[in-house]
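>>> can you look at this prediction? I've put the sequence above it.
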Amino acid sequence: MPSESQIPIASQGASKRFAGRLALFYGATFGTMGTHLPFFTVWLKAVGIDASWIGIISAVPALTRFTVLPFVTGAAEKRYSLRGALTVAAFATALGFAVIGTQYLPLAVLLAYAATCALWTPMLPLTDAYALRGVARYGLNYGPMRLWGSAAFVAGALICGLLVDIVAAKHLIWVIASIAALGAIASLGLQPLERPKPAPAAVQGASPLLRDTGFLAIIVASALTQGSHAAYYAFASITWQGLGLGGLTIAGLWVLGVLAEIVVFALSPRFTLQPSTLVVIGALSAVARWSITAQEPSLAVLSVVQLAHGLTYGITQVGTMGLLVRHVPIHLMARGQGYLAACGGIVSMVASILSGLIYARYGAGVYYMMAAMALVAASVMWFARHKLFHQPQRAASGG
């Protein structure tokens with residue numbers, strides 16, 4: 001793979017156009033997540049689906065991440081069509097959420113949601129792969145582009161939070177579907193990228209990635225840390241609603257976390273720590289966060305704890321992307337993202353199903369399991385950090 005100094009840098013105008021259009025697409029994509037993540041389970045409960053089914057349905061995105069997603073990202077990479085794949089996935093997602101809104105039986109919702117997630121879940125790794133190719137092509141920073149996604153997540157969560165107190169919760173699915181439709185429209189503005197030129201030694205394919213212990217440490221540590229959010233994503237809003245908190249307060253708690261995440265992404269170009277160190281910090285922060293959340297703290301304490309999302313999610317994401325840029329050849333970036341998402345999918349699916357069962361019996365005690373997952377993640381990255389520091393871009397690069 002060419003070194004950074006050999007990567008051609010495009011004109012400033014082309015760079016700004018790429019960054020602006022990608023930021024818009026990130027915004028629309030995460031706007032959908034901002035309405036979905038806090039309030040999809042609230043909609044499920046509103047249409048009469050119980051906690052056990054909610055845990056199973058919540059595991060569907062994780063399931064598709066390690067079953068369907070690797071095939072989608074692999075096919076997009078082989079055909080050099082990241083932009084085309086993103087457009088198809090965005091339109092399919094919008095249509096899928098509209099179909100889900102017409103279903104009320106648990107099994108019917110599960111099947112419609114599974115079909116939707118088959119093309120929705122590949123969107124984030126494909127977008128990140130597209131973004132990292134742009135980082136290399138245009139000399140951009142990942143964090144400042146990605147922060148617009150977090151900002152849109154905030155907007156989406158606040159919109160849904162306001163609507164929870166105005167409209168019946170059973171209508172929230174249509175808010176999610178509408179924001180997804182905006183993402184489909186935004187996908188049409190993404191700029192095409194020329195085909196990456198792999199080094200001659202790299203034509204052997206992507207299989208060496210899965211034999212490289214450094215790459216495996218990256219995806220396992222990231223999967224465990226991000227997967228430790230499973231109980232939070234599935235049951236935080238339901239728990240807070242049960243404690244008597246209103247929709248706007250619930251949205252505000254989600255927003256606090258994402259605002260901290262935005263600050264992390266904005267400051268990320270100034271970080272001087274190694275990416276592996278950032279991942280360790282993120283994992284240890286998750287241990288502390290979930291241990292405190294398990295104590296069912298007061299609203300004031302919970303508000304402070306929510307700010308740790310900037311560390312548990314934001315710094316982990318920045319560190320993981322930094323490791324991938326250093327360790328994975330650019331022509332295999334979509335495949336590497338696919339493996340990362342697949343590993344995360346396995347972990348998150350198991351964690352989501354178990355969290356549903358544990359939450360039904362022990363309530364907030366489920367967060368102790370999340371803390372244990374994060375502790376394992378910190379250990380994995382801590383012991384792999386020297387290998388990752390001394391062997392950048394080794395996997396599948398022939399040297």
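Good, I have the coordinates.

>>> need the helix or strand of the chain with the lowest average pLDDT.
Taking all helices and strands of the chain together, the one with the lowest average confidence (mean pLDDT, DSSP states H and E) is helix 69-78, at a mean of 79.

>>> identify the residues contacting that helix?
Outside helix 69-78, the residues that touch it by C-beta atoms under 8 Å, 6 or more residues apart in numbering are 82, 84-85, 89, 118-119, 121-122, 125-126, 129, 206, 331-335, 337-339, 341-342, 345. To be clear about C-beta, it is placed using only N, CA and C from the backbone, and glycine gets the same treatment.

>>> what does stretch 117-124 give?
By C-beta under 8 Å, 6+ apart, the list of residues contacting stretch 117-124 from outside reads 29, 60-61, 63-65, 68-69, 72-73, 76, 85-86, 88-90, 92-93, 96, 338, 341, 345.

>>> and the nearest residue to Pro144 once chain neighbours are set aside, backbone torsions?
Taking C-beta to C-beta, 6 or more residues apart in numbering, and ignoring the residues beside it in sequence, Pro144 has Ala266 as its nearest neighbour in space, at 6.5 Å. Reported as degrees, to the nearest 10, the phi and psi values for Ala266 are phi -70, psi -40.

>>> for Pro144, give me its contacts.
19, 265-266, 268-269.

>>> go with 10 Å
With contacts defined as C-beta atoms under 10 Å, 6 or more residues apart in numbering, the neighbours of Pro144 are 19, 23, 265-269.

>>> check which helix or strand covers it.
Remark: Pro144 resides in helix 142-164, with elements defined by DSSP states H and E.

>>> what are the buried residues along that helix?
Within helix 142-164, the residues that qualify as buried by neighbour count (16 or more other C-beta atoms under 10 Å) are 142-143, 145-161, 163-164.

>>> format the CA atom coordinates belonging to it as PDB.
Coordinates of each C-alpha in helix 142-164 appear next as PDB, following Å, rounded to 0.1, in the frame of the first residue of the first chain:
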ATOM      1  CA  TYR A 142     -12.500  11.500  10.300                       C
ATOM      2  CA  GLY A 143     -13.800  13.100  13.500                       C
ATOM      3  CA  PRO A 144     -15.000  16.500  12.300                       C
ATOM      4  CA  MET A 145     -17.100  14.800   9.500                       C
ATOM      5  CA  ARG A 146     -18.400  12.100  11.800                       C
ATOM      6  CA  LEU A 147     -19.500  14.600  14.500                       C
ATOM      7  CA  TRP A 148     -22.300  15.800  12.200                       C
ATOM      8  CA  GLY A 149     -23.800  12.400  12.600                       C
ATOM      9  CA  SER A 150     -23.800  12.700  16.300                       C
ATOM     10  CA  ALA A 151     -25.300  16.200  16.100                       C
ATOM     11  CA  ALA A 152     -28.100  14.800  14.000                       C
ATOM     12  CA  PHE A 153     -28.600  12.000  16.500                       C
ATOM     13  CA  VAL A 154     -29.200  14.700  19.100                       C
ATOM     14  CA  ALA A 155     -31.800  16.400  16.900                       C
ATOM     15  CA  GLY A 156     -33.600  13.100  16.200                       C
ATOM     16  CA  ALA A 157     -33.700  12.200  19.800                       C
ATOM     17  CA  LEU A 158     -35.000  15.600  20.800                       C
ATOM     18  CA  ILE A 159     -37.700  15.500  18.100                       C
ATOM     19  CA  CYS A 160     -38.900  12.100  19.200                       C
ATOM     20  CA  GLY A 161     -38.700  13.100  22.900                       C
ATOM     21  CA  LEU A 162     -41.000  16.100  22.200                       C
ATOM     22  CA  LEU A 163     -43.400  14.000  20.200                       C
ATOM     23  CA  VAL A 164     -43.600  11.300  23.000                       C
END
